[in-house]
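Engineer: pasting the structure only:
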Ligand code: PAF
């Protein structure tokens with residue numbers, strides 16, 4: 001019977017618990033999260049449990065990755081349910097600092113990722129985002145000192161950014177990507193899906209259907225520009241208010257590509273349904 005994880009809220013309690021976990025050279029895997037856990041997070045925890053002896057999950061809604069107009073205040077917070085899920089998975093330690101612990105008075109350092117962080121995808125629409133993510137993830141790594149860290153492929157550009165950062169800064173953490181977990185109708189699981197009205201929730205799977213259809217067309221030899229433009233039209237016609245991007249990129253470098261020969265291809269999309277911004281991606 002798995003028991004409740006240790007919960008650390010101060011750096012000193014984290015360090016004590018981390019020292020215990022690392023005894024007898026046990027490997028430690030970290031799953032960084034902002035809480036509001038869904039099956040996508042649970043699958044990352046399970047992946048971490050398979051790869052590492054001990055598993056730490058961080059829950060911290062990171063203010064530095066939200067712009068002033070975004071949903072920091074209303075971001076879903078489901079602490080009790082989160083802990084119940086993590087206990088059921090046999091997680092060893094939950095790191096749950098508050099904002100003052102992460103960003104104490106006078107905090108004045110920010111990691112400024114380049115390369116994949118400037119690929120012209122999420123960064124075009126959320127210019128503050130990857131600086132905030134890189135800063136908090138670098139802090140989580142130095143605080144928890146994991147051997148491995150697990151990030152979902154749903155945030156594909158984020159996965160590339162943290163992988164690059166871990167290498168560039170010699171952080172000694174191996175980054176492992178976990179597959180996207182989808183609802184039965186194909187919608188990629190995301191904490192923000194709870195914002196969707198019933199009508200929007202019905203429309204939302206169009207994003208994944210369009211990605212699959214576009215991928216099929218590219219594989220069949222269709223012109224990239226035409227297939228992508230048709231995809232944008234299909235998403236808009238389904239009721240999405242705006243399509244920020246639907247693009248074919250190199251799956252490793254995120255460089256723009258226009259033929260299958262330039263691949264491996266990743267198709268990435270971001271679009272707004274009502275006021276909710278959804279992202280998704282598939283292999284091209
Ligand atoms: O993907 C997320 O939930 C967040 O961006 C992360 C990696 C936990 C950093 O706050």
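Structural biologist: It's in. Just so it is clear, the model here is predicted, and its values are computed rather than measured.
Engineer: Flag every residue of the protein that's near the ligand.
Structural biologist: For the chain, the residues in contact with the ligand (CB under 6 Å from any ligand atom) are 32, 33, 34, 62, 65, 133, 136, 137, 155, 158. For the C-beta atoms, the positions are set from N, CA and C on the backbone; glycine is no exception.
Engineer: Out of those residues, give me the one that has the most neighbours.
Structural biologist: residue 137 (28 neighbours; other CB atoms under 10 Å).
Engineer: my hunch is that that one is in a helix, does that hold up?
Structural biologist: Yes. Membership of residue 137 in a helix is supported by DSSP: H, G, I helix; E, B strand; the rest coil.
Engineer: surely it meets residue 165?
Structural biologist: Yes. Taking CB atoms under 8 Å as the definition, residue 137 is a contact partner of residue 165 at 7.1 Å.
Engineer: quick one on the thing from earlier: can you list which of the residues of the chain next to the ligand are found in helices?
Structural biologist: Of the residues of the chain next to the ligand, the ones assigned to helices by DSSP state H are 133, 136, 137, 158.
Engineer: Could you check how far the residue lying closest to the last one once chain neighbours are set aside is from residue 106?
Structural biologist: To tie it back to what came earlier, the one meant is residue 158. Excluding the flanking residues, the one nearest residue 158 by CB to CB, 6 or more residues apart in numbering is residue 133, at 5.9 Å. Applying CB to CB, to the nearest Å, the value for residue 133 to residue 106 is 22 Å.
Engineer: Give me the contacts around stretch 245-260.
Structural biologist: Outside stretch 245-260, the residues within contact range by CB atoms under 8 Å, 6 or more residues apart in numbering are 116, 119-121, 124-125, 157, 160, 210-211, 214, 218-219, 221, 224-225, 228, 231-232, 235, 262-271, 283-284.
Engineer: er, stretch 19-31 I mean
Structural biologist: Stretch 19-31 is contacted by residues 18, 41, 44-45, 48-49, 51-58, 92-93, 140-141, 144-150, 173 when judged by CB under 8 Å, 6+ apart.
Engineer: residues contacting residue 34?
Structural biologist: Contact analysis of residue 34 by CB under 8 Å, 6+ apart lists 59, 60, 61, 62, 75, 191.
Engineer: contacting residues around residue 77?
Structural biologist: Shown in contact with residue 77 (CB under 8 Å, 6+ apart): 35, 36, 61.
Engineer: Closest one to residue 197 out of those, please.
Structural biologist: The nearest member of the contacts of residue 77 to residue 197, counting by CB to CB, is residue 36 at 18.0 Å.
Engineer: Just confirm residue 130 contacts residue 123, I think it does.
Structural biologist: Yes. Using CB under 8 Å, residue 130 makes contact with residue 123 at a distance of 6.0 Å.
Engineer: Could you check which of these two has the larger neighbour count?
Structural biologist: Using other CB under 10 Å as the criterion, residue 130 and residue 123 rank with residue 130 on top: 27 against 18.
Engineer: what about that one, helix or strand, and which?
Structural biologist: Element membership for residue 130, per DSSP states H and E: helix 129-144.
Engineer: May I see the contacts of residue 77 arranged in a markdown table, with neighbour count, pLDDT and distance to residue 201 as well?
Structural biologist: Converted to a markdown table, the contacts of residue 77 look like this (neighbours: other CB atoms under 10 Å; pLDDT from 0 to 100; distance: CB to CB, whole Å):
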| residue | neighbour count | pLDDT | distance to residue 201 |
| --- | --- | --- | --- |
| 35 | 21 | 98 | 21 |
| 36 | 20 | 97 | 16 |
| 61 | 18 | 98 | 23 |
